[in-house]
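[1] Prediction below, plus the sequence it came from.
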Amino acid sequence: MTSQQPRLHQHGPEIQQFGTVTQLPIALSHDARQYSCQRLNRVLADTQFLYALYKKYHWGMRGPTAYQLHLLLDKHAQEQLELVDALAERVQSLGGVAVGDPRHAAQITDVPRPPDGIESVWSMLSRLLDAHETILADVRDAATRTAELGDDGTQDLLVSQIIRTGETQVWFLAEHLVVTPENGA
């Protein structure tokens, strides 16, 4: 007999532990998939934190360029959120488990935690640039290593989406830190 009552408060055992990969017929070795998932999960955690930084700073903008930066940071946050999804889906497609809990991501990320309050606009933009540089350095290494292991799909994602998006965002952010005669040099 069926019931219209939802089955609430269900809990069960893990069916796949984090850090493991299931066997999938994708012509890629277990070791390559294991390595790629481990590297992708670190990039995923970092990207989740970069997204959160963008949102924090988007809400905290101050000064004469607040509106323009508010819009720019929101655009960048949305692009980072799209990367989060692409990274998580790649981990899953390799048979792994994507880091999805923010508390777990906090244990894995290399992006430094900012102060809880609001900093100057210059400091916020500098922190975003530092986070990007941390991620880009790791991603460049991961792209090289995953290519050496024959994981072209992961290497392509890292180069064509993560690196290219990051480099473009860095360019636009860095331009806001250039001192010109018009902005008070």
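    Received the coordinates, thanks.

[2] Neighbours of I162, how many?
    By other Cβ atoms under 10 Å, 26 other residues sit near I162. Placement of C-beta: from N, CA and C, glycine included.

[3] Let me know the helix or strand that the residue lying closest to it once chain neighbours are set aside is in.
    Nearest residue to I162 in three dimensions, chain neighbours excluded: V139, at 5.0 Å (Cβ to Cβ, 6 or more residues apart in numbering). Here V139, judged by DSSP states H and E, is contained in helix 121-148.

[4] pLDDT on that helix, on average?
    In this model, helix 121-148 has a mean pLDDT of 97.

[5] just stretch 47-56 next, same as before
    Mean pLDDT, stretch 47-56: 97.

[6] Over to stretch 177-185?
    On average, stretch 177-185 scores 72.

[7] So what's the residue count around V99?
    25.

[8] Please read the previous query as pertaining to S126.
    There are 15 residues near S126, going by other Cβ under 10 Å.

[9] excluding its backbone neighbours, what's nearest it?
    The shortest distance from S126 to any residue other than its chain neighbours is 7.0 Å, reached at L177 (Cβ to Cβ, 6+ apart).

[10] Which residues are in contact with the one you found?
    122, 125-126, 129 (Cβ atoms under 8 Å, 6 or more residues apart in numbering).

[11] Could you rerun that using 10 Å?
    With contacts defined as Cβ atoms under 10 Å, 6 or more residues apart in numbering, L177 is in contact with 121-122, 125-126, 129.

[12] Ok, Y54 next?
    72-81, 124, 128, 131, 169, 173.

[13] Most widely separated two among those?
    Greatest spatial distance among these (Cβ to Cβ): L81 and M124, at 18.7 Å.

[14] more crowded one of those two?
    More crowded of L81 and M124, by other Cβ under 10 Å: M124, with 24 against 16.

[15] Tell me the secondary structure at the nearest residue to the more buried one once chain neighbours are set aside.
    Closest residue in space to M124, ignoring its immediate chain neighbours: Y57 at 4.3 Å, by Cβ to Cβ, 6+ apart. The three-state label given to Y57 by DSSP: H, G, I helix; E, B strand; the rest coil is helix.

[16] and the gap between A32 and L94?
    Note on A32: its distance to L94, by Cβ to Cβ, to the nearest Å, is 9 Å.

[17] Now the common contact residues for these two.
    Applying Cβ under 10 Å, 6+ apart, one finds that A32 and L94 are jointly contacted by 21, 26, 151, 154.

[18] Touching, the second one and L94? I think so.
    Right, I26. Yes: I26 is within contact range of L94, at 7.4 Å (criterion: Cβ atoms under 10 Å).

[19] what's the overlap in contacts for those two?
    Joint contacts of I26 and L94 (Cβ under 10 Å, 6+ apart) are 32-33, 151, 153.

[20] Let me see the contact set for the residue nearest to I162.
    By Cβ under 10 Å, 6+ apart, the contact list for V139 reads 39-40, 42-43, 46-47, 157-159, 161-163, 166.
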